[in-house]
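In: Structure for the following, please:
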Amino acid sequence: MKRISLLIAPALFWTMAVQSQEPSKEIQDSYRRSSICMIMMDEANMPNRELIRKAFLDAPVPDKYNDHNISERVFDLATLQLTDADKAAYLQATAPDTVAGKVAKKKGGFGKIMKGVAGAAMSIAAGTESSTTIDTGDRETYAMIAYKHLLEKAVAKQLFDKWFINHQGDFTMDLVKERGLYDATVMDVQTAKSSVRGMGMLEDAGEELVNNTFVVVSRYRYMSKEELVAELEATAKAVGSLFGDYGDIAASAGSVARLSLGDGYYVRTTSFLFQLRWNNNISNTFYADLWNNPEKYHASDIFSLKYVGEERAWANTKAGIFSSKTEEELMHIATVNATDAVLAKLEKKYDVFKTKTPLLSVEPLTASIGLKEGVEPGDKYEVLEKIVNAETGKTEYKRKATVTVTKDKDQIWDNRYMASEEQALAGDVQSITATRFEGPKDLYPGMLLRQIK
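Out: Got it, this is the predicted structure:
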């Protein structure tokens, strides 16, 4: 099958990338990002509620995602009460985990639970905690509440509207053209239907753009170190009590946490990940029946979200380090860092949420990701080359190699929010603006990295 490479590395890009680790804007912008909508659960009794709410709303969407936020980004938990119908709807949202109409059993069992308890102690220092050890039951309830809100506010349709409806209420492919890196003429729907590449672009738009649209609903809590440790110990003991002699092992996770956590206060977030549904039936219905037919479009029921999963992370407010900062500024820093941390954990845990990152240089091999994205020494990434299938007109990604994050921690970029200022206060200056990788040399800037397990 004949294939045409779309990413021929210009000599200028190569020279710029080799000479400097500064990100090239052309390379940075020449790939398709996932789109993300971020929503916050608001709780009346949450300490520092207004400061966290303001920090959440003020924080920009991380630059590795396209901003797909809708107008209403905060909702009040007190206004939502779960019913049996809500629980049934939530189970439908987990459809990818169903077999013959019945909910499939989750894999892992006892061994996974105990691994999670042990893993909690190992991950404390990194500002994260195992998703299998903390109030799992409560989190499922909050996931149901999150989904109920998304249904009541027709968020799935709002996401479609943002893709295909302009401010005047007309159908448009402008955002698809912009984010899909398509030229202007062939993305016209009627023109696209008359050419292989045009239809390929429409399929790309669905598979890579619309299908890679996500909603992250987050619950934030402000708590002290002692509160965090107490919660972890209580849950670990509860898990341990189910398994007799394993109770002492489970309970020890809280003791390790007490030693590993820094003093002070934390912003902790639990985030629930949803994905906009897109498949052949939806695509066919949308383009054949709904396009340029506002009445049918707005009455349609094809818009829906599926539940992917959840994760949890936290960040210290670091009052002792940023002594000149106000409480509002400290809260903003911690909220942003906790949000970045939980997004990184979601990406590592769920393949569907993994993003692609352009390779910036080849001598040395570098990419503009770091601690904010949860990069750790020895992490493995596949290197993808973007191609066009000449027969179908669709974009494909072919694996060309694998690379590994350097084991030298000094060569892993600390790009967390306010990290440079924190280092300066400690008398350190970070000299790198990208993370170093080890791998083959027959690569070129602009190829895409995607983490693998």
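
In: all contacts plus neighbour counts: C-alpha atoms, from now on.
Out: OK.

In: Need the per-residue pLDDT for the spatially most central residue of the chain.
Out: In the chain, the centroid-proximal residue (Cα atoms, centre = their mean) is L343; its distance is 4.2 Å. Looking at L343, its pLDDT stands at 97.

In: Now do the contacts for it.
Out: Counting by Cα atoms under 8 Å, 6 or more residues apart in numbering, L343 touches E373.

In: show me the contacts for F56.
Out: Counting by Cα under 8 Å, 6+ apart, F56 has contacts M40, H332, T335, V336.

In: neighbour-wise, which of those leads?
Out: T335 (31 neighbours; other Cα atoms under 10 Å).

In: May I ask which helix or strand encompasses that one?
Out: helix 327-349 (DSSP states H and E).

In: partners of the following helix or strand past that helix in the sheet?
Out: Where DSSP H and E defines the elements, the next helix or strand beyond helix 327-349 is strand 357-362. Applying DSSP bridges to the sheet, strand 357-362 is found paired with strand 365-367 (antiparallel), strand 448-452 (antiparallel).

In: just the CA coordinates of the helix or strand just after the first one, formatted as CSV?
Out: Sequence-wise, the next helix or strand beyond strand 365-367 is strand 380-389, with elements assigned using DSSP H and E. Once side chains and other backbone atoms are set aside, the C-alpha atoms of strand 380-389 remain, and they are given as CSV (Å, rounded to 0.1, in the frame of the first residue of the first chain):
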residue,chain,number,x,y,z
LYS,A,380,9.3,4.5,27.7
TYR,A,381,7.8,6.3,24.7
GLU,A,382,7.1,5.2,21.2
VAL,A,383,8.1,7.5,18.3
LEU,A,384,5.4,7.9,15.7
GLU,A,385,5.7,9.2,12.1
LYS,A,386,2.6,10.9,10.7
ILE,A,387,1.7,9.6,7.2
VAL,A,388,-1.3,9.7,4.8
ASN,A,389,-2.7,6.5,3.4
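
In: Walk me through which strands strand 380-389 pairs with, and which way each runs.
Out: strand 3-5 (antiparallel), strand 395-405 (antiparallel), strand 448-452 (antiparallel).

In: what does the average pLDDT come to for the first one?
Out: Translated: strand 3-5. pLDDT averaged over strand 3-5 gives 34.

In: And the second one, by the same measure?
Out: Along strand 395-405, the predicted local confidence has a mean pLDDT of 95.

In: Which positions in that strand come out as buried?
Out: Buried positions in strand 395-405, judged by neighbour count with 16 or more other Cα atoms under 10 Å: T395, A401, T402, V403, T404, V405.

In: Max pairwise distance over these: which two?
Out: T395 and V405 (27.4 Å; Cα to Cα).

In: What are the structural domain limits within this structure?
Out: 1-31+356-453, 33-353 (automatic domain parsing).

In: hang on, the earlier thing: could I get the buried residues of strand 395-405 in JSON lines, plus columns for distance to I387?
Out: Below are the buried residues of strand 395-405 laid out as JSON lines (distance: Cα to Cα, whole Å):
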{"residue": "T395", "distance to I387": "6"}
{"residue": "A401", "distance to I387": "15"}
{"residue": "T402", "distance to I387": "18"}
{"residue": "V403", "distance to I387": "20"}
{"residue": "T404", "distance to I387": "23"}
{"residue": "V405", "distance to I387": "25"}
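
In: Out of the residues you listed, which is nearest to T270?
Out: Closest to T270, out of all of these and judged by Cα to Cα, is V405, at 27.6 Å.

In: Can you name the residues that contact the closest one?
Out: V405 touches V375, E376, P377, G378, D379, K380, I412, T435, R436, F437, E438, counting by Cα under 8 Å, 6+ apart.

In: Now it: closest residue in space, sequence neighbours ignored.
Out: The shortest distance from V405 to any non-neighbouring residue, by Cα to Cα, 6 or more residues apart in numbering, is to F437 (4.4 Å).

In: can I assume that neighbour sits in a helix?
Out: No - counting by DSSP: H, G, I helix; E, B strand; the rest coil, F437 is not found in a helix; it is strand.

In: What's the separation between it and E295?
Out: Separation of F437 from E295 (Cα to Cα, to the nearest Å) stands at 52 Å.

In: These two: which is more packed in?
Out: F437 (26 against 9).

In: does K400 really touch I387, like I thought?
Out: No - contact criterion Cα atoms under 8 Å: K400 and I387 do not qualify, at 11.6 Å.

In: can you pull up the bridge partners for the residue nearest to V405?
Out: Beta-bridge partners, per DSSP bridges, of F437: L365, V405.

In: Show the pLDDT at it.
Out: 98.

In: coming back round to it: which one among the buried residues of strand 395-405 gets closest to Q423?
Out: For those, the nearest to Q423 is V405 (22.2 Å; Cα to Cα).

In: one step back: let me have the strands paired with strand 380-389 in a markdown table, adding distance to Y65 as columns.
Out: As requested, the strands paired with strand 380-389 are exported to a markdown table (distance: least, Cα to Cα, whole Å):
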| stretch | distance to Y65 |
| --- | --- |
| strand 3-5 | 25 |
| strand 395-405 | 19 |
| strand 448-452 | 14 |
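
In: among the ones you listed, which is nearest K87?
Out: strand 448-452 (33.5 Å).

In: buried sites along that closest one?
Out: So, applying 16+ other Cα under 10 Å, buried residues of strand 448-452: L448, L449, R450, Q451.

In: check contacts around the closest residue to the first one other than its chain neighbours.
Out: This points to L448. Excluding the flanking residues, the one nearest L448 by Cα to Cα, 6+ apart is P358, at 4.4 Å. Counting by Cα under 8 Å, 6+ apart, P358 makes contact with I27, Q28, Y31, A367, S368, P445, G446, M447, L448, L449.

In: again with V74
Out: With the criterion set at Cα under 8 Å, 6+ apart, V74 makes contact with I39, M40, M41, D42.

In: And it, how far from I52?
Out: 11 Å.

In: The nearest residue to M199 once chain neighbours are set aside and A205, how far apart?
Out: Closest residue to M199 apart from its sequence neighbours, by Cα to Cα, 6+ apart: A192 at 5.1 Å. Per Cα to Cα, A192 is found 12 Å from A205.

In: more neighbours, these two?
Out: Neighbour count, other Cα under 10 Å: between A192 and A205, A205 has more, with 24 against 17.

In: Thank you kindly, that will do.
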